[in-house]
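Asks: sequence and predicted structure below; questions after.
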Amino acid sequence: MRSPAAPARSWPLVLAVAGLTVAAMALGIADWPLPRLTRGGLMVDDVPAALWALVLGLTVVCLVVAAAATRRAAGPWFRGPAAVAWLTVLVLTAAVLAWNALYSAAYSTTVVDALIPVLHWLFTFVPAVLGALPFRRAGRTVRAAAALGTGVVSLPLFALGWTLLVPGQEGWTDHLVNAAVGVALLGLIPLVLGVAIGAAIGRGAPPAPRG
């Protein structure tokens, strides 16, 4: 029988996703020195030290919070190959989205009024589904927590990159609104869908492993 308190284990993850995403957007609207695009617009060069510190600092914070909160939420299931596989997904997600934030900052120096996002929704959707797969033998609550745990990294870093990318021509409030709309449509909604799909992949709720 499922414990009535089990769903509450995901609330720290929800708060972490929300808090870090808001913080990332608040940081992203500041007037940061920007890198430049090179090699036909495919590479990033001359990244200012301040921007490196912002992206790497946020990445480290998100990784630490995600690992700690997900480990607590998953309980005894967070061990062995499953934990290693999940951490691998998390680190790869962080690397991709940290690069995307730098690329977005550089790309913002070009004309972005006609920006048409095509694959941006994959940044939060794919990690959520992949993050749940290592725990497919666990219960739905554990799989949901594992999927949501990836969002502690993917959504804030996506929010930072998107905020650095989109224009704010009428001040910081306009910038924040423009960024929030994109983050909600291209980051938050795909994350929710990914968590739902990830939670549905697997078996029922077998007894938790000992130890």
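Replies: Arrived safely.
Asks: in the helix ranked longest in the chain, what's buried?
Replies: Counting by DSSP state H, the longest helix found in the chain is helix 80-107. Neighbour-count burial for helix 80-107, counted by 16 or more other CB atoms under 10 Å, picks out 82-83, 85-87, 89-90, 93-94, 96-98, 100-107. (C-beta placed from N, C-alpha, C; glycine too.)
Asks: what of stretch 54-72?
Replies: 54-55, 58-59, 61-63, 65-67, 69-71.
Asks: can you check stretch 14-34 too?
Replies: So, applying 16+ other CB under 10 Å, buried residues of stretch 14-34: 16-17, 20-21, 23-25, 27-29, 32, 34.
Asks: now, among these, which is nearest to residue 202?
Replies: Distance to residue 202 across the buried residues of stretch 14-34 (CB to CB) is lowest for residue 17, with 21.8 Å.
Asks: so that closest one is in which element?
Replies: helix 11-28 (DSSP states H and E).
Asks: which other helices and strands contact that helix?
Replies: helix 49-74, helix 140-165, helix 172-183 (3 or more CB pairs under 8 Å, 6 or more residues apart in numbering; DSSP states H and E).
Asks: deepest-packed of the ones you listed, please.
Replies: helix 140-165 (a mean of 29; mean count of other CB atoms under 10 Å).
Asks: list the helices and strands it packs on?
Replies: helix 11-28, helix 49-74, helix 80-107, helix 122-132, helix 172-183, helix 189-200.
Asks: residues contacting the spatially most central residue of the chain?
Replies: For the chain, residue 154 is the residue whose C-alpha lies nearest the centre (CA atoms, centre = their mean; 1.0 Å). Contacts for residue 154 (CB atoms under 8 Å, 6 or more residues apart in numbering) come out as 93, 97, 123-124, 127-128, 187, 191.
Asks: any idea how far residue 173 is from it?
Replies: Here the criterion is CB to CB, to the nearest Å. By it, residue 154 lies 26 Å from residue 173.
Asks: could you pull up phi and psi at residue 43?
Replies: phi -120, psi 160 (degrees, to the nearest 10).
Asks: what is the burial count for it?
Replies: 12 (other CB atoms under 10 Å).
Asks: ok, and the closest non-adjacent residue to it?
Replies: Excluding its sequence neighbours, the residue lying closest to residue 43 (CB to CB, 6 or more residues apart in numbering) is residue 37, at 7.0 Å.
Asks: can you list the low-confidence ranges for the chain?
Replies: Applying pLDDT under 70 to the chain flags residues 1-8, 40-41, 111-116, 168-170, 203-211.
Asks: ok, now with 90
Replies: Residue ranges of the chain with pLDDT under 90: 1-11, 31, 36-46, 107-119, 137-139, 166-176, 178, 201-211.
Asks: other SSEs contacting whichever helix or strand residue 44 is part of?
Replies: Here residue 44, judged by DSSP H and E, is contained in strand 43-45. Applying 3+ CB pairs under 8 Å, 6+ apart, one finds that strand 43-45 contacts strand 36-38, helix 80-107.
Asks: may I see the ones you listed organised as CSV, with distance to residue 150 added?
Replies: Compiled in CSV, the helices and strands packed on strand 43-45 are given as follows (distance: least, CB to CB, whole Å):
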stretch, distance to residue 150
strand 36-38, 28
helix 80-107, 6
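Asks: the longest helix of the chain vs helix 122-132, what angle?
Replies: Relative orientation of helix 80-107 versus helix 122-132 (axes from the mean of the first three to the mean of the last three CA atoms, to 10 degrees): 170 degrees.
Asks: appreciated, that's everything.
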